[in-house]
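Participant: got a predicted structure plus its sequence, pasted below:
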Amino acid sequence: MKTVNMHEAKTHLSRLVEEAVRGEPFVIARAGKPMVRVAVIEDVPPPRLGFLAGAFTVPEDFDRMGADVIAAMFQGDEPA
């Protein structure tokens with residue numbers, strides 16, 4: 001596994017990350033002492049889209065709810 005110093009890691013981070021993605025992890029060292037290992041993340045679960053489907057309903061007038069109260073606030077009136 002390749003070891004790079006902190007300065008080299010900062011200078012060439014994009015290239016090093018691309019290499020790690022291709023399966024070539026590396027170690028970042030400070031003053032010759034290994035600090036961190038950088039490797040590709042395996043098996044990232046897909047986002048959970050739609051997991052609340054059917055759990056609630058959105059009212060048809062959702063975008064107009066409270067419009068009179070908001071208008072009154074902008075006009076300086078007390079909310080109804």
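Facilitator: It's in.
Participant: contacts and neighbour counts: CA atoms only from here.
Facilitator: OK.
Participant: so where's the protein uncertain?
Facilitator: 78-80 (pLDDT under 70).
Participant: run the last query once more with 90
Facilitator: 42-51, 58, 69-73, 75-80 (pLDDT under 90).
Participant: where exactly do the helices run in it?
Facilitator: For the chain, the helices defined by DSSP state H occupy 6-11, 13-21, 67-74.
Participant: how about JSON lines for those helices, with mean neighbour count and distance to Pro59 added?
Facilitator: Compiled in JSON lines, the helices of the chain are given as follows (neighbours: other CA atoms under 10 Å; distance: least, CA to CA, whole Å):
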{"stretch": "helix 6-11", "mean neighbour count": "14", "distance to Pro59": "51"}
{"stretch": "helix 13-21", "mean neighbour count": "15", "distance to Pro59": "45"}
{"stretch": "helix 67-74", "mean neighbour count": "13", "distance to Pro59": "14"}
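Participant: Pro45 is nearest to which of these?
Facilitator: In this view, the helices of the chain are compared for proximity to Pro45 by CA to CA, and helix 13-21 is the closest at 16.8 Å.
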